[in-house]
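Peer 1: How does the following fold in three dimensions:
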Amino acid sequence: MSTIDTLKSTISKRGGIAKANKFNVIFTPPTQSLLNLNPSAIIGALAGGASAKSLISDPRDISLLCQGASIPGQQITTIDYIAEKQTVPIPYAIIQEDVQLKFLVTEDMYIRRMMDDWLSSIVNLEKYQAGYKKDFTCDVVIQQLSMKNKPIYGVKLINAFPTSVNGIDLDQATESGPMELNVTLSYDRLVPEGALSTGLSGISATLDILG
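Peer 2: Below is the predicted model of the structure:
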């Protein structure tokens, strides 16, 4: 039978308890989603007071504004097979959960505008046409960090895209509370990664951002 001291020793030798607030989310959405249509940025660029780069939002802001994420679960699906007078489960596929992200919404509505543009690239409501998947997907890296902010585990979502952007409640009675936006991502495949591989994925994703 284990004792409290044994439990403490096991936790200690494994670096302590993982913290749910130690995480990082890195991805670069399609370029059309990053266009900065803020009037001040447009006027500044036209007047020569700002570079053309100011019209492209920095995707690193996405990571800073992401206040919540999930490491998706996986489930093996089975079919019952009758063998020797009893039923046994036979695995045949895997189901991977969608990912939930929660963002702070800034006064320029950056995240909401970005998600609106991303959804428009998936389904054009004016022409009622769906876009090509290669044009509206991106890889998303979600990392669990140590207390020293070093990646220790991660997952890469291959060909991810938003399938749900929740509404934002507006309320006269809410004066000081922050505005938040919840987004659901679907993807083709989930790749679990260890400390080294997720660190490399994070570097690769960051280089894509810096472009």
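Peer 1: Grab the longest strand from the chain for me.
Peer 2: Longest strand of the chain, by residue count under DSSP state E: strand 151-165.
Peer 1: Now do the helix or strand following it: which elements does it pack against?
Peer 2: Using DSSP states H and E, the helix or strand that follows strand 151-165 in sequence is strand 180-186. Applying 3 or more Cβ pairs under 8 Å, 6 or more residues apart in numbering; DSSP states H and E, we find strand 180-186 packed against strand 99-104, helix 110-122, strand 151-165. The way it works is simple: take the backbone N, C-alpha and C, and place the C-beta from them, glycine included.
Peer 1: so which of these gets nearest residue 140?
Peer 2: strand 151-165 (4.2 Å; Cβ to Cβ).
Peer 1: same for the closest one, what does it pack against?
Peer 2: Checked by 3+ Cβ pairs under 8 Å, 6+ apart, strand 151-165 has helix 110-122, helix 133-136, strand 138-145, strand 180-186, strand 189-194, helix 195-210 packed alongside it.
Peer 1: Who does that strand pair with, and is each partner parallel or antiparallel?
Peer 2: Sheet pairing here is set by DSSP bridges, and for strand 151-165 it gives strand 138-145 (antiparallel), strand 180-186 (antiparallel), strand 189-194 (antiparallel).
Peer 1: Please render these as JSON lines that adds distance to residue 153 and mean neighbour count to the earlier fields.
Peer 2: JSON lines is the format used below for those (distance: least, Cβ to Cβ, whole Å; neighbours: other Cβ atoms under 10 Å):
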{"stretch": "strand 138-145", "distance to residue 153": "5", "mean neighbour count": "22"}
{"stretch": "strand 180-186", "distance to residue 153": "19", "mean neighbour count": "18"}
{"stretch": "strand 189-194", "distance to residue 153": "7", "mean neighbour count": "14"}
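Peer 1: Reformat those strands as TSV; add distance to residue 124 and mean pLDDT.
Peer 2: Below are the strands paired with strand 151-165 laid out as TSV (distance: least, Cβ to Cβ, whole Å; pLDDT from 0 to 100):
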stretch	distance to residue 124	mean pLDDT
strand 138-145	19	94
strand 180-186	19	96
strand 189-194	26	92
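Peer 1: Which one of the ones you listed lies nearest to residue 7?
Peer 2: strand 138-145 (21.2 Å).
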